[in-house]
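S.K.: A structural model of the following input is requested.
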Amino acid sequence: MKIHKTGTVALLLMLAPMAVLAHVHLQSSIPAAGSTVKASPERLVLVFQEAVELKALSVQKSGDKAPTALELPKAASEQLAIALPKLPDGDYTVSYTYVGPDEHRMTSTLKFRVSAAK
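M.R.: Numbering: from 1, shown residues only. Predicted coordinates for the structure are as follows:
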């Protein structure tokens, strides 16, 4: 029994730093990843597990040559709301780079569609 307790304590001590080093990830967004919206959204909302600071943010319509840079929020937060330009019907990719409390720079994307089809 003593071996099991020692082994369990050792395992817990080894795993504890992994929990501290876990990266912050996006929990949800509006528009939601993979969704289709019926009109151009006025804003993009990104919700994270913990406060993050956005370092880069852009939106690009499929087929366009270059993305449109979006204004970055001034402060770190768990929930970030960013104004979007008028988006015509099409498929969009939002690309974002952020830094969480662990100071790791993370880059990700989310895709959604604008379709005013009747």
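
S.K.: need the contact list for residue 43.
M.R.: 30, 81, 82, 83, 84 (C-beta atoms under 8 Å, 6 or more residues apart in numbering). Every residue, glycine included, has its C-beta placed from N, CA and C.

S.K.: Now it. Its backbone dihedrals?
M.R.: Backbone geometry at residue 43, expressed as degrees, to the nearest 10, gives phi -150, psi 160.

S.K.: can you check residue 42 too?
M.R.: Torsion angles, degrees, to the nearest 10, at residue 42: phi -80, psi -30.

S.K.: sorry, back to before: tell me which of the contacts of residue 43 is nearest to residue 104?
M.R.: Lowest distance from residue 104 to these (C-beta to C-beta) belongs to residue 82, with 21.5 Å.

S.K.: where do the helices sit along this structure?
M.R.: Using DSSP state H, the helices found in the chain span residues 2-20.
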